[in-house]
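Visitor: 3D, please:
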Amino acid sequence: MVELEKEVLPLPPRYRFRDLLLGDWQTDDRVQVEFYVNENTFKERLKLFFIKNQRSSLRVRMFNFSLKVLSCLLYIVRVLLDNPQDGRQDWKLIIWVDRPLPLWALQVRYITTILFLTPVCGLCFQGNVWEQVLRVPFILEMISAIPFMITVILPSFRNLFIPVFLNCWLAKHALENMINDLHRAIQRTHSAMFNQVVILISTLVCLMFTCICGIQHLERAGNNLTLFDSLYFCVVTFSTVGFGDVTPQIWPSQLLVVIMIFVALIVLPIQFEQLAFLWMERQKSGGNYSRYRAQTEKHVVLCVSFLKIDLLMDFLNEFFDYYVVILCPAEMDVQVRRVLHVPLWAQRVIYLQGSALKDQDLMRAKMDDAEACFILSNRFEVDRIAADHQTILRAWAVKDFAPNCPLYVQILKPENKFHVKFADHVVCEEEFKYAMLALNCVCPGTSTLITLLIHSSRGQEGGACSADQWHRTYRRCSANEVHHIRLEESKFFGEYQGKSFTFASFHAHKKYGVCLIGIRRLDTTNILLNPGPCHIMGASDTCYYINISKEENSAFVRGHSEPSWGGTGGNTRGVHQTIYHGLTRLPVHSIIASMGQSDVHCQDLGSTVLGKERRHSIAPVLELVDGVNNPAFDLLGDQSEDEGGEEEVTVGLCYRWVKGYPLNSPYIGSSPALCHLLQEKMPFCCLRMDKACHHTSFEDARSYGFKNKLIIVSAESAGNGLYNFIVPLRAYYRPRKELNPIVLLLESVPEADFLEAICWFPMVFYTVGSIDNLDSLLRCGVTFADTMVVVDKESSMIAEEDYMADAKTIVNVQTLFRLFPALSIITELTHPANMRFMQFKVKDHYSLALSKLEKKEREKGSNLVFMFRLPFSAGKVFSVSMLDTLLYQSFVKDYMISITRLLLGLDSMPGSGFLCAMKITEDDLWIRTYGRLYQKLCCSTGDIPIGIYRTEAHKLPVSESKVSITVEDYEDTREPREPLLSRSGAHRNSTSSEPVSTSSHSSDHPLLRRKSMQWARRLSRKGGRGSSGAKGGAGSAAERINQQRLTLFRRSERQELNALVKTRMKHLGLSSTGFNGMTDQGNRLSYILINPSPDTRLELHDVVYLIRPDPLSLVPNQGNSRKCSAGISESHRFDTQDSTHL
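Guide: Reported below is the predicted structural model:
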């Protein structure tokens, strides 16, 4: 007990019982820490006042600078008051001067202040004392201060000469420090260029002032020069003029001149070199955008990783009325620099080298005052995901710096889109690209249609006096764009308030030539394309229409003209002259005239007889539709076959088809779309077409027995964007009987998450192979395909030479074109300029003429220089760079991205229509004109036509070289008796169902027909001699060898290619039955007419683009809508026949 008591420490008296219970009764070892103690010392306080505090430091330095300048001014006053004796040389005049007493008192007062400030400022510096003492500014201070202090002690030395003019160098040093403190005080980044210019000017002034004062003082013992004479001498000497009228006479002044010249030759070149270096650096970085200009002029900012000349010109053409500030971390390209030196762009484009992640660079670009900021991803980056990550960081940085600045972002990969959903407008490149390529397969030319709609054009490309009719028609219709206006403010649509949408659309097109495609209610932000006949137009509705110009820039001219379809005049294509010819005469306003009478009046209900031709009647478009009970609107009439069959046999298994939303999406942010799906997902092993599994033994496309032709997509890998290629082709509104099987030709096996997303879609398969391998093409079923889509490879987008990025794709497509001429090939290119190499023919004079036309358009500065290229006008080629204009257009038209997504099927709004197409057959030619077709569709199905895809025979002037080529083509197609092709079947591909214009083409040219007949007679004579020789010596081996030689010699290039394909098919165990390699489509051209005139005559095989209303909006009354009367059964046949897509 005693030991325990000894171990217990006594409690301190200040601890209470509560502390004992809490255990806090140990010895207190806490230490109180005081902060910023050292700053309370005298030295730290001086440092805080003279250095750390920017404002107080700036005041002290300004006061010091003023003292130095004042000392120099007092020296000048002393010189002006001095009056030495003339005519005698006295060396004492150099040592002694005449200094008045008041002036001496002022100088002493100044020196006293200097001597007080110098030690105080010296206390603020840390380091060796001798380093501070031996500094040049301190030595100069002592040279001017100590002699004055001596004169205070010894009055006899009051007139001693003191070189006070050397204080100019101290003033220069104080000015440099003052500028630095000034920029620190106002919290703005100073310009190094400005500082260097100030230093150079101050150095030059100090040299001149020192030389002037020194020569003037030394010449007191010689010529007794005045201060002005000394100034004149120094200027003449330093400018290397040297008149010689004023010269120093004594050796001290001459020595001073020599010393000053050497100093100038050493100091000034160094200063100029630094200034030139900073100027070059500023030229690279671009300097700053003026704050005054940013507040008075409108400007937009473009943020890119690397700037290409094509991207720059597309951007500048869209923002012609704005100042453009380019913020790019890379140096300016040589081509970009050359363009920005053009006076047209030099005044409006400012190139700043910097990063969007730095606030200083964003401040240089005046991002907070910008009208908009465009952030574009570098599609030429090797790692496209990394390029998207850089774009995301730029978007975040801009939004953090300028939250009120509208943001327009371009993203490459769809999985990164949700990171920038806060932006005002976002365009995902792969989403739009694959959706556009998918619609190209079922609605030909969709990519060209969208490209022409989003590009600004006045319809003047190609010149008004083009020799080809299709050039003029295509050029006029390409000027149509999408515009908007409020209904109550519109003259186009104001009179249709309270009427149905289809009634307003038809009559506005008939009267004004404008195509109403959609509306937006005041109480919603969703745009509805063709909401159908049940929608009643309201005064607050925003109308979206297609026209050459917006209504505000249109002039209205009353007039009537006869319909051009009835005559054979010059307007063979039926484009109304009044509406289009006014466009070239009026560069700003388009003239919207009356479109004529097209025999589409409502009173023409009965059938009339015109001569011996029976003219069918078209029902009027109703102003109001009584619900959905009107039997004329059977929007789900062609869906009946979907309900009839309950099961579909696919891959040896029974799968039930359903309509629903896909269960799995490969990325976040994809819009839900109602599609044709399988009730049970297909096993992953069954998705691969070229390999059998335990579910099925099929190993090629022919074994599956598909009813429709294949759609093959050649891609480097199965990216998430490829999902958007499948969804539009499996949309719920496409009839099951018209769905084409989709085969993905990939270079690597897709990942499991992608297979999980596509395994729910019917008739979707993949194979592993490459487009440059013939065996891979044959295994994926290219001989049974209708369309081949070639997607540009990401790995080939980077090349040492920019335009060589498409080299591999172009050569592969050219090989496909030669091997399978009947195959419709849709190609994606990196650079639009490479379109001229698609389906390239060396001796094609028409292509050479189009090339000259393209050069002329490029010289004019057109942004659609490639529009007359045959592959582009036909929709066979597409460049993803065309989508950049969509993002630029959204700055002026914020609805363009939404409308484009609805047209491509990327978004599906309830009640909004969709884009489809129908083909004009011989049974439909009784309609005759586009205006009557417009009325027929509006009164029957509620469809809104927006354009025509027209295909014509390629008629060219005949030359000898062209004749030789065409004769060879005829030889290719007229060799049915060759032994190597004897097993070819009579199967015709779907693309060859259209009439091939070979015979008509030959009949149009007598010289060509005569050459063909001569060639046929020579061939028949050779064949006769060969056959007779064979009869004479049937058993002779030499005759058989000669016959084989003759046969191989006669065989054309195309026959050799056909033989190669059939040999490879036989080697792979594939049947060559049905392969037809003789079909040639090279003598046809296709082009698009957007919103043509109502008088435009319809032609056979025209494909009409339609915006069809949403079928789901009429599903509840679907039974009533199918009770059609016998009187309109004939007209309804037109609605359901081949009217979904080509």
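Visitor: Please count neighbours and contacts with C-alpha atoms only from this point.
Guide: OK.
Visitor: So what's the residue count around the residue nearest to Ala504 when sequence neighbours are not counted?
Guide: Nearest residue to Ala504 in three dimensions, chain neighbours excluded: Tyr496, at 5.6 Å (Cα to Cα, 6 or more residues apart in numbering). Per other Cα atoms under 10 Å, the neighbour tally for Tyr496 reads 22.
Visitor: Next: the one 4 residues further on.
Guide: Each residue near Ser500 was counted by other Cα under 10 Å, and the total is 22.
Visitor: and it, bridged to which residues?
Guide: Applying DSSP bridges to Ser500 yields these beta-bridge partners: Ile536.
Visitor: Pretty sure it sits against Gly538.
Guide: No. Look at Ser500 against Gly538 with Cα atoms under 8 Å: they stay out of range, at 9.7 Å.
Visitor: what sits against the residue nearest to Ala504?
Guide: Going by Cα atoms under 8 Å, 6 or more residues apart in numbering, Tyr496 touches Phe503, Ala504, Met537.
Visitor: Same check on Pro403?
Guide: No contacts exist for Pro403 under Cα under 8 Å, 6+ apart.
Visitor: what's the answer for Val304, then?
Guide: Residues in contact with Val304, defined by Cα under 8 Å, 6+ apart, are Ile326, Leu327, Cys328, Pro329, Ile375, Leu376, Ser377, Asn378.
Visitor: Try it again at 6 Å.
Guide: Cys328, Leu376 (Cα atoms under 6 Å, 6 or more residues apart in numbering).
Visitor: Equivalent analysis for Thr446, please.
Guide: Applying Cα under 6 Å, 6+ apart, the residues near Thr446 are Asn440.
Visitor: re the thing from before, kindly reformat the contacts of Tyr496 as CSV containing pLDDT, neighbour count and distance to Ile517.
Guide: Listed next are those as CSV, based on pLDDT from 0 to 100; neighbours: other Cα atoms under 10 Å; distance: Cα to Cα, whole Å:
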residue, pLDDT, neighbour count, distance to Ile517
Phe503, 93, 24, 12
Ala504, 93, 26, 10
Met537, 92, 23, 13
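Visitor: got any ranges where the stretch 201-350 of the chain has weak pLDDT?
Guide: 281-288, 291-292 (pLDDT under 70).
Visitor: Kindly recompute the last result at 80.
Guide: Residue ranges of the stretch 201-350 of the chain with pLDDT under 80: 222-224, 238, 240, 242-245, 271, 274-296, 320, 343-344.
Visitor: which residues in it form helices?
Guide: Ranges of helices within the stretch 201-350 of the chain are 227-238, 251-285, 291-296, 309-318, 334-340, 343-346, based on DSSP state H, counting those that start in this stretch.
Visitor: mind giving me CSV with these and columns for distance to Arg932 and mean neighbour count?
Guide: Listed next are the helices of the stretch 201-350 of the chain as CSV, based on distance: least, Cα to Cα, whole Å; neighbours: other Cα atoms under 10 Å:
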stretch, distance to Arg932, mean neighbour count
helix 227-238, 89, 17
helix 251-285, 61, 15
helix 291-296, 53, 13
helix 309-318, 37, 16
helix 334-340, 50, 14
helix 343-346, 47, 12
